[in-house]
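J.: got a structure for you, letters missing:
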C-alpha cells in the first residue's frame, strides 16, 4: 500500500481560512508512509479510492496528537471542526502548562491500583501465526524536518509497530529543567499534553540509564507509574512499555505505549526500539540537537 504521491495531486494554497476556522492542512501516516500537509477533501478522496486505509492515523497541523482516520472521517463537518478546535486548544496550551508546574502536576499512580494486572482477552493460542506489524521508520521519519515533528511521527510509528492502542512521547526540556509530555497517539492523550514527569518518577531514572521497561503480570514500581499515566487515556490498559531515546548517552525523550487485552510481547517492543534507533540516527544526521 502506498499513498506517497497524494500530496502532488492537489497542492494546498497558502490562503487564509474563513474567519473563525483553522487552515485545512492535515498529515497522515500508517507507519510505512507519511504524507502532508494535504486538504481533508484530498485525504478522504484517497481513502474512498482505497489508497489510504481507514486504519491510518491523521493529525491536523494544529494538533500534537494523532487520531484514527476512520474516527475523524465519520464525523459530520461541524463535528470535525469542533474536534479540530478542541484538540488544537489542548495542543496550544502545552507550553503554558509546561511552564507552570503548579498548573500541570500529574497525579501520582492511584493508590488503589493493584500490583497485578490480568489480561481480559487471552492472547492468540497459536503463536506461530503472530506477526509484528510492518513499519518503515526510515521512510516515515524522512518526512520530518525538525525534532518536534519527528517525535510525533516516531510515536505514531511506535504505536503501529507494537500493535498498541495509545502512546505518549515525553521530551527533555532543559529550559524548564524537566521532562514534558509533548505528543500523544490515540484517544484522550491530549489530556496529558504539557504535564511534567515528576523528578522522582522511577521511569525517568530508568530512561536516563537507557533501560527499556516492559510490564509484567506483577507490576514493578516503574511499570506502575507508566500505567498510572496511560490509564488516563486507556482505562483498561493491560500492557505498557517505555523506550528511551538517548543520544551520546544523554536522554532526549521517552516513548510510552499501552494497550488493553493482553501484555506486549518482546518482539513488539523490539520494533519500538528499532523506531527509536532510527529516530536517533535522524536527529544526529539533521543536527537537531546542536
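T.: The structure has been received and is ready for your questions. Everything quoted here is computed from the prediction, not taken from an experiment. Numbering: from 1, shown residues only.

J.: for the residue nearest to residue 221 when sequence neighbours are not counted, give its distance to residue 290.
T.: Leaving aside its chain neighbours, residue 221 sits nearest to residue 202 (4.9 Å; criterion: C-beta to C-beta, 6 or more residues apart in numbering). All C-beta atoms are positioned from the backbone trio N, CA, C, and that covers glycine. Separation of residue 202 from residue 290 (C-beta to C-beta, to the nearest Å) stands at 31 Å.

J.: ok, these two, which is more surrounded?
T.: residue 202 (16 against 6; other C-beta atoms under 10 Å).

J.: against residue 21, how distant is that one?
T.: Going from residue 202 to residue 21 by C-beta to C-beta gives 45 Å.

J.: now residue 61
T.: The separation that residue 61 has from residue 21, given C-beta to C-beta, amounts to 13 Å.

J.: more neighbours, these two?
T.: Between residue 61 and residue 21, counting by other C-beta under 10 Å, residue 61 is the more crowded of the two (15 against 11).

J.: pLDDT averaged over whatever helix or strand residue 27 lives in - what is it?
T.: Here residue 27 is covered by strand 26-29, with elements defined by DSSP states H and E. Averaged across strand 26-29, pLDDT comes to 96.

J.: quick one: residues contacting residue 135.
T.: Contacts for residue 135 were tallied using C-beta atoms under 8 Å, 6 or more residues apart in numbering; they are 31-32, 157, 160-161, 271, 275.

J.: closest to residue 71 out of the residues you listed?
T.: Looking at these and their distance to residue 71, the nearest is residue 160, at 15.5 Å (C-beta to C-beta).

J.: would you say the closest one is within a strand?
T.: No: secondary structure of residue 160, determined by DSSP: H, G, I helix; E, B strand; the rest coil: helix, with no strand assignment.

J.: look up the closest residue to it, ignoring the ones flanking it.
T.: In space, not counting the residues next to it along the chain, residue 160 is nearest to residue 31; the distance is 3.2 Å by C-beta to C-beta, 6+ apart.
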